[in-house]
Every structure is written in C-alpha cells, then in structure tokens.
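Q: Turn this into a model:
(2 chains)
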2 protein chains.
Amino acid sequence: MKYTDMSAAELQAELRAVDAAYSEFKAKGLKLDMSRGRPAANQLDLSNDLLNILQPEDIKIQAGLDARNYALPDGLPECRALFAQLFEVPADQVIAGGNSSLKMMFDIISSGMTHGYGFGPWGAVPGGIKFLCPSPGYDRHFAVTEYFGVQNIAVPMTAEGPDMAEVRRLCENDPSVKGIWCVPKYSNPQGITYSKATVEALAAMKPAAPDFKIMWDNAYVVHELTDTPDELHNIFDAARAAGTEDRVVSFASTSKITFAGAGVAAVAASPEMIKLIKKRLVIESIGPDKVNQLRHVRLLPDVAAVKNKMKRQADIIAPKFKLVLETLERELGNLGILSWTNPKGGYFISVDTMPGCADRVVALCAEAGAVLTGAGATYPYGKDPNDSNIRIAPTVPPIDELKIAAELFVVAVKKASLEKLMGS
Amino acid sequence: MKYTDMSAAELQAELRAVDAAYSEFKAKGLKLDMSRGRPAANQLDLSNDLLNILQPEDIKIQAGLDARNYALPDGLPECRALFAQLFEVPADQVIAGGNSSLKMMFDIISSGMTHGYGFGPWGAVPGGIKFLCPSPGYDRHFAVTEYFGVQNIAVPMTAEGPDMAEVRRLCENDPSVKGIWCVPKYSNPQGITYSKATVEALAAMKPAAPDFKIMWDNAYVVHELTDTPDELHNIFDAARAAGTEDRVVSFASTSKITFAGAGVAAVAASPEMIKLIKKRLVIESIGPDKVNQLRHVRLLPDVAAVKNKMKRQADIIAPKFKLVLETLERELGNLGILSWTNPKGGYFISVDTMPGCADRVVALCAEAGAVLTGAGATYPYGKDPNDSNIRIAPTVPPIDELKIAAELFVVAVKKASLEKLMGS
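A: Below is the predicted model of the structure:
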C-alpha cells in the first residue's frame, strides 16, 4: 500500500514499526562506507600482476628510449595507442599522463582561466564565466569550476542526457558560458548513456562563446555491468562532421580498470587542442610516469584485454548492484516513496526520495553507521533544489555488509518519508 | 701562452691547427647529447629493484588503507616521513605527490596567479608581477613564470648564492615582486651552495609584497660528488626565527635518486602554506600514486639508504665530472679563454667563455654532432647578456664518448675564441 494512501493511524503504526527496526540497526554499531565510487579490494586484486610485471630488460621502449628516464611529455607511444582505441581517435590526438584524469580536467580549466583557448583568458572575462552542470552529476567536476570562481549552472538530466533545449537556451546567447561537464556513458550518478541525438546536438549546437568546451569525461567507457552494453556515439566523429572538433576534450583513465590510485589517465582532443595542451605540458613537467604506463600496456596490450578485465570486475560488482536493486524493489516497490535507476554500467545507483527527504535519509544512515555521499552533492554548490537525490555507491562493501546497508537504507527512507508525510 | 698575449701571426697559426682538429671531429659523425641533466642508464639500473619490490601482501599501508585505492591526497604517511627527513621539517609540513617536482612548482605559481596566497590573485595585480631569477639558473624554472606572463628579472649569482644586495634592492620597494627561484644546494648550473648568511638574509629580508614566495628547489639535496659535502643551512629554521615561515616553499624529488621519470616528488612548507596548498589539492585530484610511493619507501626506508644509493651513483658520475674538468684544465688552463666551476655535487659544470662566444661554441659542437644546452638558456628569456655561459651536463654519455665530447668542446672553445680575437 502506498504511503500516500495511508490514513493517519496507518502511518502512525507504520512509523512505530519502522522506528523499532531503525533502533535495531543503530544497536548493531555498523561502520559502512558507500560514499564514493571506489573499487573493492578484490577488484584491485585482479590487477596485482601490475606489481611485478616489468623486469629490468623490459624498460627499453619504442624509439630506443628508456621508460625510466625523462622525456616524452605526452606519454609512452604504446600507452597512447591503447587509449586511442578506447577513445576511438588517432593516437596523435591522445596524451597519456599521470594517475589522475581529474587532474587533467583541472588543468584544462586552469589553463582556460589563465590562458584561454584562442580567445583570451577566461579569467579576464568581465563578470566572470559560467559552466553548465547536468545534474545530478559528478560533484568533483562541479568543485573544479567552483574552485576557479566559475558560476556553475544546473541543467536537468533526461533519459537521453542533458536537456538539450535548456543547454542551447543557456549557451547560444551568452558568450560567458564557456563549457559543459559531461559523463556521457553510464553517467555519474544516474548511469545514463547520452543518446546519439544528444551527442550530435552537443557537437552541432552554436554556443555564443567561440571557445566553448565540452568536458567529456568518459570515465566509464568500458565499465559494463551487463552483456548488452549501451553504445555511446563517437563525439569526435560528430564534431568533425559539424566542424566543431576543437570543442571537445575527452578524458579517460584506468583508475577503475586497474588500480584506482595508481592507474594511468589520458586526454583526447582535436589536433589543434592537443597542440595548445602540449604548449602548457612541456612547461609543466618533463614527462609522466612512463614506467607505470609501460606496466599498463603489458597488462592490457589491447582493448580486448581491457574488456576481459572489466568482465571479471563485473562478476564482482554486478551482484552488488543486483542486491541493492532487489532490496529496493522488494521493500519499497509499492510504497511510492522512492524511485531509482537501474544502470547497465558505471559505479552508482541514483535514487530520488520524496521532495525534502534526501538530507534526512543520509543523516539517518550516518547515525546508524553507514556513510552515503552527502545529499545534494550531485548538484552545483551541493544544493539539490528538491532535496531528493541520493547517490549510492555499492562497490566497496563486501556483499554481506552491503545487504545490511541496503536494509538500513530502506528503513531510513521509510522513516524519513513517514516523518515528512506526518508533517513532523 | 694566453691567447690574448699572442701576436696576429701566432693566432693565425693556432687557428689553422684548431680548424684542422675541428674538421677531424666533424668527420667522425658523432652523435652525443650533453644537453640535459639526465641520469645515465647505469645510474637508473641501481634502482631496478623498484620494478618488483612490492608483492600483493605489501599493499596495506598505515591506517588500514590500501595503497592501490583512492585516498590520501597529501600522500602516503611513510613517504611523507621520508621526505620530512630530507627537508628537515616535521612530516605534517610535507606533501608527497606524483613523479614531478616541476609540476608541483608549476602548481604553486599557477595557484598564485589565480588565487594568490592570502593577498589576492597575482594575476590581478595591475601591470603584472615579477619574479627574481638568480642567473645563471635553471631554464625550466624561468619558463614556468614566463609562461604565466610574469616578468623574470635576472639577479647575479655570487659564490654564496644570489647577490643579496641586489635581491633586497629589487624586492624591498616593489610589491609586484612576488618571489624568487632558488636551487640552494649545488645550484643549476654552477654547483654553488648558498651560504648560511645568504639563507638567513633570504629569510630575514623585508620584501614589499606580503605574499613573497621563495621557491626553494632543493633538487640536489643529497646529490654529492665528494666525501666532503657542502652544508646547506635549514631555511625553515631561519624563516621561523625571522617570523617569515610562510615565505618558503621547498621542493625535492627522487628523480635523480631512483628513476628520473618515475620517482616521487614532494613539497614542504609552513603549516599555514600547507593548509592553502591542500585546499587546491583536494579539488585537483583524489590522490597521488601511492603504490609508487610505497615502492620508494621500501627501497629507501630512511635517509641512510638514500645516501647510500647516492654514493653508488657518485661512483658512476664523479669520474665523468673529473674527466671533463681535467680536460678543461689540461687543454685550456693557461689560455685565458674559459673559466669553469668545480662542483661538489649536482648535475652540471658551468663554464664561461670570453664574452660573445658561448652561442658560437654551442653551434660548433652541434655542427660536429654534440648537443649542449642552448647558450643563454640559463638566463631569463634565454638571453645571456654576455653570451658567455654554457651548461655542461656530463652524466649521460658513457665515459669513452664523454672523452671525445670534452675534447671536441675544447676545440670549439678555442676556435670560437680565436675567431673572436681575430675579429672575424
């Protein structure tokens, strides 16, 4: 029976039962973390061969260079070639870097602020600049532009990606709108893959800013949970067709393929943008860690090897997603108080509570020992206008702990919803 | 006999002999690189244990964390502790990062431009800002500030470090002078270690800018060539005594201790500055490559291990320095056309030709197949006002090739000097 169809007495009785259940969870003294999209230890174990995959005789690389020494600011050619396959672009449009794609994104924004991309520094624009933030989205993206004083503007997400009518409305008449953050495949947190129409619209639209950038964070490019992957249209193809290739800067990393903190990140862009990025790169550093890049191409010589590795990770994490989703369906399927996504890849389940309940749910879970991502984190400035979106990251806890956490979450959602409905 | 004491006929005869010798070198078809301060392959070999020093059971670190996963934006505690010993500061004043200390310096300048250090963004200073560049100095330092449009101002070097009277004169009345680049031990390229008086003067001086920063690149902190190392006074002690602790940002890395391109870099600063740096750090990245940091603390558990590793490197490179210096002494000692440094550590020999000859010497060497650092590179904007300083990096070539290169260099110096003296 839907909570909204219950009488006051029925709600009262339900709350008593839920309160009792919640007290039991609190008594357990749980300590669970579902706050961030981190791989579990046994996922990392799948790449332990990285630890000693190189022998001294392996350190000579293409062109007679030594992977251990300085040089090659744009990365190991072998590694750029691997990422080129993932990005589906030529290798000379790829730069392989350090362990963090976020750092590469930060650098692109930072460089925009101080130097710009052919049309003056963004930091010198009178009144400041703006960035579009499809929401719910990835809090760390929004934090980067916020750090630089950029005005983050929330754009609603649809089942096909950002609401393109709204994107166009915002950027086509305002030259201070300099870009948009996108996680185009299995978006963080909803697991939405942008449709071909959305990809083509992003490439074809006519922003007022000639230096508009699409920050295309393809973080989950091979991060499948099923055997029927979503297909993401190649945005570089769309942009080349539309004559807007310099608009796209794409990112990926092996963080959730091998070791989260010790992988390799890469950026792909048009030949012209790569030239601009390299201008900064050669000033910034004498080169990335090519030994770690070499480890990676030995472990993962091609995309087939990458996909195989991801298949084995899915064997570990798909059951965790299934457990959470089944618990939500079983316990809340008929109550009308929560909706959720059923992602085919990525790292998150996104749920929406009744308006005004998300913050309370997160607080209730925390009080009982289960840390979730802060409510609102998926919106610019941490402010979800409806206070309803919560991001669940089910990968870290072992499945027995996750079971408890999911059940606690259900009880917290019930309790917060009942409190809301009863006006307390 | 000094060239300057020679008659026109004597000079003529000498030039004929030198030309003949030079032609012989050209005929050899050499291909040597002494342009950059890179370790030789057999120096890198000394750290090959890094390649497989970690086993899967080693990846748990302090605080129950997993080195392979995300977390710890300021680095592995064990690695910060190691650098704390090198910097001679408490570990909570150290951040351990990626493979490049240059990148950390770049970030400090970049952050100064966009956010500043408590007194507004440097990029917003009307008329721009200035940085002091003790010269000859490290070209990559000067390139960073140049990249950000900062006006680089050359300051003469003395045997005790930068000319402090000039440093004071430049910064004490001009609030747009925001900092100074320093390589305080075995400076690049001269191998000069700043005296205690210089270190204390840098700490005690009163720049007009309250947010003046000393970029203290302690790149050669343990890079000894002799058994009687120079002692560098601890600038943090001096600054604490002078109440100017926030002025100092110090850098070091294992690039020339282990693998040049796959080491670990670190920054040390006052508690207040570390707080400011971390504000950026947590936005920029989810954390450095802690697996590589763990490799390093396993290979180098303490400073004694670091010094032992450096001793073995000195066994390889000290003879190279000796060979070059002996060749210069033997061939040019009495000619009055070249002066040079005799460094006790670091990676370079710095020479000064007669005014107006450096560019020609470098060109003559290049024409005969030996690449040196471009003449002038050690000065801001690549412009040596005397056209006399040349940086020699003797570490890369094997000793037999180095012998040929040193002899070619001698011939090139003679030829350029003779041409100059004869007014051609």
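
Q: Show me how chain A divides into domains.
A: Domain assignment for chain A, taken from automatic domain parsing, gives A:3-43+A:307-421, A:61-301.

Q: which one of those lies closest to residue B:323?
A: domain A:61-301 (21.6 Å; CB to CB). All C-beta atoms are positioned from the backbone trio N, CA, C, and that covers glycine.

Q: and the stretch 251-400 of chain A, which residues reach chain B?
A: Counting by CB under 8 Å from any CB of the partner chain, the positions of the stretch 251-400 of chain A adjacent to chain B are A:255, A:259-262, A:280, A:283-292.

Q: most neighbours, which of these?
A: Highest neighbour count within those: residue A:262, with 32 neighbours (other CB atoms under 10 Å in any protein chain shown).

Q: Please identify the helix or strand for the residue lying closest to it once chain neighbours are set aside.
A: Here the nearest residue to residue A:262 in space, its sequence neighbours aside, is residue B:291; by CB to CB, 6 or more residues apart in numbering or on different chains that works out to 3.8 Å. For residue B:291, the element it lies in under DSSP states H and E is helix B:290-299.

Q: could you pull out the strands for the stretch 51-200 of chain A?
A: Listed from the start of the chain, the stretch 51-200 of chain A has strands (DSSP state E, counting those that start in this stretch) covering A:94-96, A:130-135, A:151-158, A:161-162, A:177-182.

Q: How about the last one, which residues are buried there?
A: The reference is to strand A:177-182. A:177-182 (16 or more other CB atoms under 10 Å in any protein chain shown).

Q: Next, see if that strand gets close to chain B.
A: No: counting by CB under 8 Å from any CB, chain B is not contacted by strand A:177-182; separation bottoms out at 13.9 Å.

Q: can you dump the C-alpha coordinates of that strand into PDB?
A: Written as PDB, here are the backbone C-alpha positions of strand A:177-182 (Å, rounded to 0.1, in the frame of the first residue of the first chain):
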ATOM      1  CA  VAL A 177      29.000  30.300 -20.900                       C
ATOM      2  CA  LYS A 178      32.300  28.600 -21.700                       C
ATOM      3  CA  GLY A 179      31.600  24.900 -21.400                       C
ATOM      4  CA  ILE A 180      29.700  21.900 -20.100                       C
ATOM      5  CA  TRP A 181      30.600  19.000 -17.800                       C
ATOM      6  CA  CYS A 182      29.600  15.600 -19.200                       C
END
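
Q: picking up where we left off before, name all residues that make contact with the residue nearest to residue A:262.
A: A:51, A:259, A:261-262, B:54, B:59, B:67-68 (CB atoms under 8 Å, 6 or more residues apart in numbering or on different chains).

Q: returning to what we had before: I'd like the average pLDDT over the helix holding residue B:291.
A: Averaging pLDDT along helix B:290-299 yields 97.

Q: and if you look at stretch A:407-421?
A: Averaging pLDDT residue by residue across stretch A:407-421 gives 97.

Q: what distance separates that stretch from the centre of its chain?
A: Relative to its parent chain, stretch A:407-421 has a centroid offset of 27 Å by CA atoms, centre = their mean, to the nearest Å.

Q: Identify all contacting residues around that stretch.
A: Under CB under 8 Å, 6+ apart, the answer for stretch A:407-421 is A:3-4, A:6, A:11, A:14-15, A:18-19, A:21-22, A:25, A:30, A:327-328, A:331-332, A:335, A:337-338, A:351, A:353-354, A:356-357, A:360-361, A:364-365, A:368, A:370, A:372, A:392.

Q: if you set the cut-off to 6 Å instead, what comes out?
A: Judged by CB atoms under 6 Å, 6 or more residues apart in numbering or on different chains, the contacts made with stretch A:407-421 from elsewhere in the structure are A:3, A:11, A:15, A:18, A:21-22, A:25, A:331, A:337-338, A:354, A:356-357, A:360-361, A:364-365, A:368, A:370.

Q: Buried residues in stretch A:226-237, which are they?
A: In terms of neighbour count (16+ other CB under 10 Å), stretch A:226-237 has its buried residues at A:229-230, A:232-233, A:235-236.

Q: cool, and stretch A:160-167?
A: Buried residues in stretch A:160-167, counting neighbours by 16+ other CB under 10 Å, are found at A:160-164, A:166-167.

Q: For it, give the mean pLDDT please.
A: The predicted model gives stretch A:160-167 an average pLDDT of 98.

Q: Please see if stretch A:61-68 touches chain B.
A: Yes: when contact is scored as CB under 6 Å from any CB of the partner chain, part of stretch A:61-68 falls within range of chain B: A:66, A:68.

Q: re the thing from before, pick the most deeply packed of the domains of chain A.
A: Among the domains of chain A, ranked by average contacts under mean count of other CB atoms under 10 Å in any protein chain shown, first place goes to domain A:61-301 (a mean of 21).

Q: what's the offset of it from the middle of its chain?
A: Distance of domain A:61-301 from the chain centroid (CA atoms, centre = their mean) equals 12 Å.

Q: Report the contact partners of residue A:134.
A: Per CB under 6 Å, 6+ apart, neighbours of residue A:134: A:155, A:157, A:162.

Q: Next: residue A:154.
A: Shown in contact with residue A:154 (CB under 6 Å, 6+ apart): A:133, A:135, A:379-380.

Q: Of those, which pair is most distant in space?
A: In the contacts of residue A:154, two members sit farther apart than any others by CB to CB. They are A:133 and A:379, at 7.8 Å.

Q: which non-adjacent residue is nearest the closest residue to chain B within the stretch 51-200 of chain A?
A: Shortest the stretch 51-200 of chain A-to-chain B distance, computed as CB to the nearest CB: residue-wise this is residue A:52, at 3.5 Å. Take residue A:52 and drop its neighbours on the chain: the residue closest to it by CB to CB, 6+ apart is residue B:52, 3.5 Å away.

Q: Measure how buried that neighbour is and give me the count.
A: Using other CB under 10 Å, residue B:52 is surrounded by 14 other residues.

Q: how near is it to residue A:259?
A: From residue B:52 across to residue A:259, the span is 16 Å (CB to CB, to the nearest Å).

Q: Kindly report the same for residue A:202.
A: Where residue A:259 is concerned, residue A:202 sits at a distance of 32 Å (CB to CB).

Q: and if you look at residue A:204?
A: Residue A:204 sits at a distance of 38 Å from residue A:259 (criterion: CB to CB).

Q: Give me the helix or strand of chain A that scores worst on average pLDDT.
A: Among the helical and strand segments of chain A, the one scoring lowest on mean pLDDT, DSSP states H and E is strand A:32-34, with a mean of 86.

Q: who's in contact with residue A:273?
A: Contact partners of residue A:273, counting by CB under 6 Å, 6+ apart, are residue A:246.

Q: ok, back up a step: list the ones among the contacts of stretch A:407-421 that fall in strands.
A: A:338, A:370 (DSSP state E).
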